[in-house]
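Engineer: Any chance you can model this:
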Amino acid sequence: MFSDVCFLKPDPFGEVPPTVFFDDFAWRSFLALAWPAQRGQRGRPDSSLRLDAPDRPAVFETLKAEWEVFQKDGRDPQSWNDYGGTLPCEIPGNLAFGDMILASFAKFDSILQANFAAFSGALVSQNGKYVRYSSGFNQTLFQHIADGKFFIAKNLHDSFTPFPAASIRVKASWIEMEGIEKPERFHTRQAWLLDRATGRCEQKQVGLVGLHIVAKTPSIPQWVWATFEHVDNVPGPHTSGPLTFNKGDDKPMPDTNPIACDTTNPCPATPVAPYNVVRVHPIIGDPPADARPEFSTADTNKQYRDMLARDYPDSHWHNYQLVMTQWPVHPNRPDLDGSIEDTFPGLNVITGICRAAGTDSACLTASANSTIETFLQDTVATGCMACHLIAKQYDYVSSLLTRPYVEDPSALPGDHADALNRMRSMFNADSRR
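Structural biologist: Numbers count the residues shown, from 1 in each chain. Take a look at the predicted model:
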């Protein structure tokens, strides 16, 4: 994984954003995090192995899980290379290297969508199972939280020190593989899944359907934001088999989530019938969007997917694609925020892709992951940086708003409490604005 985005010209932030360079950085990050991990070393790839080596957890699967960092009752997390602490559910025995728990201390939290979309319900795959979510932090990011004891809310304050470069966080979406018609097309693994009726976890096979990667680089302190999906998630030009989130009957996606549950209104124990999900706007370069190749995420996807199918035929990674990369268009201005005026994609695309294509319709490109922000796809105003802008005082890391232990709510810093209230108000409103 590169430490920064690599440019081939001295002025990368000209009139037309250099999409290809950011998309290339995103793909290299994806492959580095998908690489088989070293035995006994969290977050480190084993360079002696091939990408398609079997029976080894991927690097991103060994990052520090969010529930490990934000322990119940504000307890100190285990040191970086250790697994566990207080577990969010009961399992037989102890966690081993690479074990993954898809559960959280909030009973329903692991099936609610994204931190800020946690008030917009859950997602059901076509096999009738809830999608499960996991979040992970690399060592650089974890250590910053642990050293500052930022897992306790009262330690967050106005002088919060931003995270250092090389900090990485990921969010993944997983489906249970029972009833999936072509499981061989997915990256799969065994994971502990919470049985909400018993409070215990059961080990089941799950498959990866979505992955957010957020990386802070030396030249881009507001982070580079990228999101990947399995190509068979929703209808599109690259599907090859049954769709995971669409029955294929042309029934439209609902305007709002039929599963209207949240952290105070539990999701039904038995999922409602699956509904169709679509990608509301195409990936840059996929039809019906029209963009020159140097702006095309679709073109970069083809190059990497062709390489993976050719060089690593025993892996499943060629069945994944980059949906979008977002970044600040003024990287040397950390005082500017993640609003759509200052990001790509954002309002600035009017002077870039839209002008190049000669039509504003080319601006309507993907700005969300269909499995993580299903009902936040309409506009980049609910995209990565705009959503996380509410946590700007904590360097865009929304976990520091929602996860730290609060012994006394009155002890919360005023801006922290205000941001939490604004977040709740924002996502209790119409999420498809």
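Engineer: what are the pairing partners of the longest strand along the chain, and which direction each?
Structural biologist: Counting residues, the longest strand found in the chain (DSSP state E) is strand 201-217. The sheet places strand 201-217 alongside strand 168-176 (antiparallel), strand 188-194 (antiparallel), strand 220-230 (antiparallel), with pairing taken from DSSP bridges.
Engineer: For the last one, list the C-alpha coordinates in CSV.
Structural biologist: Read it as strand 220-230. These are the backbone C-alpha positions of strand 220-230, laid out as CSV (Å, rounded to 0.1, in the frame of the first residue of the first chain):
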residue,chain,number,x,y,z
ILE,A,220,-4.3,14.7,2.3
PRO,A,221,-5.0,15.2,6.0
GLN,A,222,-8.8,15.1,5.4
TRP,A,223,-8.3,11.4,4.4
VAL,A,224,-8.9,9.6,1.1
TRP,A,225,-12.3,7.8,1.1
ALA,A,226,-12.9,4.8,-1.1
THR,A,227,-15.6,2.1,-1.2
PHE,A,228,-15.7,-1.3,-2.9
GLU,A,229,-18.5,-3.8,-3.6
HIS,A,230,-19.1,-7.2,-5.0
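Engineer: shift numbering so it begins at 537
Structural biologist: Sure, I'll start counting at 537 from here, so that last one is strand 756-766.
Engineer: Could you identify the helix or strand that succeeds it?
Structural biologist: Downstream of strand 756-766, the first helix or strand assigned by DSSP states H and E is helix 833-847.
Engineer: Give the buried residues for that following helix.
Structural biologist: Within helix 833-847, the residues scored as buried using 16 or more other CB atoms under 10 Å are 833-837, 840-841, 844. Any C-beta I mention is one placed from the backbone N, CA and C, and that applies to glycine too.
Engineer: Please identify the one among the residues you listed that lies nearest to Asn905.
Structural biologist: Of all these, Asn905 sits closest to Thr833, with 13.5 Å by CB to CB.
Engineer: wait, what's in contact with that closest one?
Structural biologist: Contact analysis of Thr833 by CB atoms under 8 Å, 6 or more residues apart in numbering lists 555, 559, 819-821, 858-861.
Engineer: Distance-wise, check it relative to Leu912.
Structural biologist: Thr833 is 19 Å from Leu912, where distance means CB to CB, to the nearest Å.
Engineer: do Thr918 as well
Structural biologist: Distance, Thr918 to Leu912, by CB to CB: 4 Å.
Engineer: Looking at these two now, which is surrounded by more residues?
Structural biologist: Counting neighbours by other CB atoms under 10 Å for Thr918 and for Leu912 shows that Leu912 has the greater number, 27 against 23.
Engineer: The residue lying closest to Lys665 once chain neighbours are set aside: neighbouring residues, count only.
Structural biologist: Leaving out its chain neighbours, the residue that sits closest to Lys665 by CB to CB, 6 or more residues apart in numbering is Glu712, at 4.2 Å. If you count neighbours by other CB under 10 Å, Glu712 ends up with 20.
Engineer: In the sheet, which residues pair with Glu712? Tell me.
Structural biologist: Val742.
Engineer: Next, the buried residues of stretch 702-717.
Structural biologist: Within stretch 702-717, the residues that count as buried by 16+ other CB under 10 Å are 702-713, 716.
Engineer: Apart from its neighbours in sequence, what residue is nearest Ala562?
Structural biologist: Per CB to CB, 6+ apart, closest to Ala562 is Ala762, 3.5 Å.
Engineer: Next, find the distance separating that neighbour from Phe699.
Structural biologist: Separation of Ala762 from Phe699 (CB to CB): 17 Å.
Engineer: Asn793 now?
Structural biologist: 32 Å.
Engineer: okay, those two: which has more neighbours?
Structural biologist: Phe699 (22 against 18).
Engineer: where does that one land in three-state SS?
Structural biologist: Of the three states, Phe699 takes coil according to DSSP: H, G, I helix; E, B strand; the rest coil.
Engineer: For the strands paired with strand 737-753, please prepare TSV with the additional fields distance to Asp645 and mean pLDDT.
Structural biologist: Output for the strands paired with strand 737-753, formatted as TSV (distance: least, CB to CB, whole Å; pLDDT from 0 to 100):
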stretch	distance to Asp645	mean pLDDT
strand 704-712	13	97
strand 724-730	10	95
strand 756-766	20	94
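Engineer: of all those strands, which lies closest to Leu585?
Structural biologist: strand 724-730 (15.9 Å).
Engineer: Can you give me the buried ones in the closest one?
Structural biologist: Using 16+ other CB under 10 Å as the test for burial, strand 724-730 gives 724-725, 727-730.
Engineer: Nearest to Phe543 among those residues?
Structural biologist: For these, the nearest to Phe543 is Arg725 (35.7 Å; CB to CB).
Engineer: Would you confirm that Leu730 contacts Glu626?
Structural biologist: No. Taking contacts as CB atoms under 8 Å, Leu730 lies outside contact range of Glu626: 9.5 Å.
Engineer: overlap in contacts of those two?
Structural biologist: In the contact map built from CB under 8 Å, 6+ apart, the residues linked to both Leu730 and Glu626 are 736-737.
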